[in-house]
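>>> below are the sequence and a predicted model for it; my questions follow.
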Amino acid sequence: MSAPPMAAAAPPPRLTGDWNDWPFTPGIWTYRRDGRGSVAQFGAPGRNATINFRCDAQNRRVTLSREASAAGARMVIRTSSMTKTMAATTSDANPAHLAADIATTDPILDAMAFSRGRVLVEMEGQQPVILPTWAEIARIVEDCR
């Protein structure tokens, strides 16, 4: 007797209405220091991180990246107090990531750290990522300042 065929995964539902009412993307934040500075990662345990939030201490910049394959996309970050659109470039990571560099003086970093419960990261052609605002975001911002 053979095993039953695997069902194809259903595409995620289209999110409508106010983004503040959308469910969080499943996952947890982790934080660690390394030779380049520090990194906070968000994702499901045992899988590649969905979001990487890195402090490059030497160059004093923060990079936000997410697993994605589209080239030349724009990244939109929404918080409870502001929205910012940035150009995202393809990183050399495997799997592919799109990344946006953020100056340590950019107000979006404080808006992310102090957002009321959630931060939304959107990219055209990708499922939005709704992040809980745990302390890891603020730790990365402070590490780079």
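That came through, no problem.
>>> contacts only, for the residue nearest to R74 when sequence neighbours are not counted.
Nearest residue to R74 in three dimensions, chain neighbours excluded: T85, at 5.5 Å (CB to CB, 6 or more residues apart in numbering). Using the backbone N, CA and C atoms, a C-beta is placed for each residue, glycine as well. T85 sits next to 74-76 when contact means CB atoms under 8 Å, 6 or more residues apart in numbering.
>>> run through the bridge partners of T85.
V76 (DSSP bridges).
>>> quick one: the strands in the protein?
28-34, 37-43, 51-56, 61-67, 74-78, 83-87, 89-90, 97-103, 118-123, 129-132 (DSSP state E).
>>> comparing the ones you listed by mean pLDDT, which bottoms out?
Per-stretch mean pLDDT for the strands of the chain is lowest at strand 89-90 (a mean of 86).
>>> so what's A49 up against?
A49 makes contact with 41-43, 67, according to CB under 8 Å, 6+ apart.
>>> okay, it and P107: tell me how far apart.
Using CB to CB, to the nearest Å, A49 is found at 25 Å from P107.
>>> over to T90?
26 Å.
>>> okay, these two: which has more neighbours?
Neighbour tally, T90 and P107, criterion other CB atoms under 10 Å: the higher count belongs to T90, 16 against 12.
>>> report the beta-bridge partners for the residue nearest the centre of the chain.
For the chain, the residue sitting closest to the mean C-alpha position, by CA atoms, centre = their mean, is I51 at 3.4 Å. Assessed by DSSP bridges, I51 has beta-bridge partners F42, R66.
>>> the biggest helix by length in the chain packs against which elements?
Once the chain is assigned using DSSP state H, the helix that runs over the most residues is helix 135-144. The helices and strands touching helix 135-144, judged by 3 or more CB pairs under 8 Å, 6 or more residues apart in numbering; DSSP states H and E, are strand 28-34, strand 37-43, strand 51-56, strand 61-67, helix 107-113.
>>> restricted to buried residues, select the contacts of T85 in PyMOL.
Buried residues among those (16 or more other CB atoms under 10 Å), as a PyMOL selection:
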select buried, resi 75+76
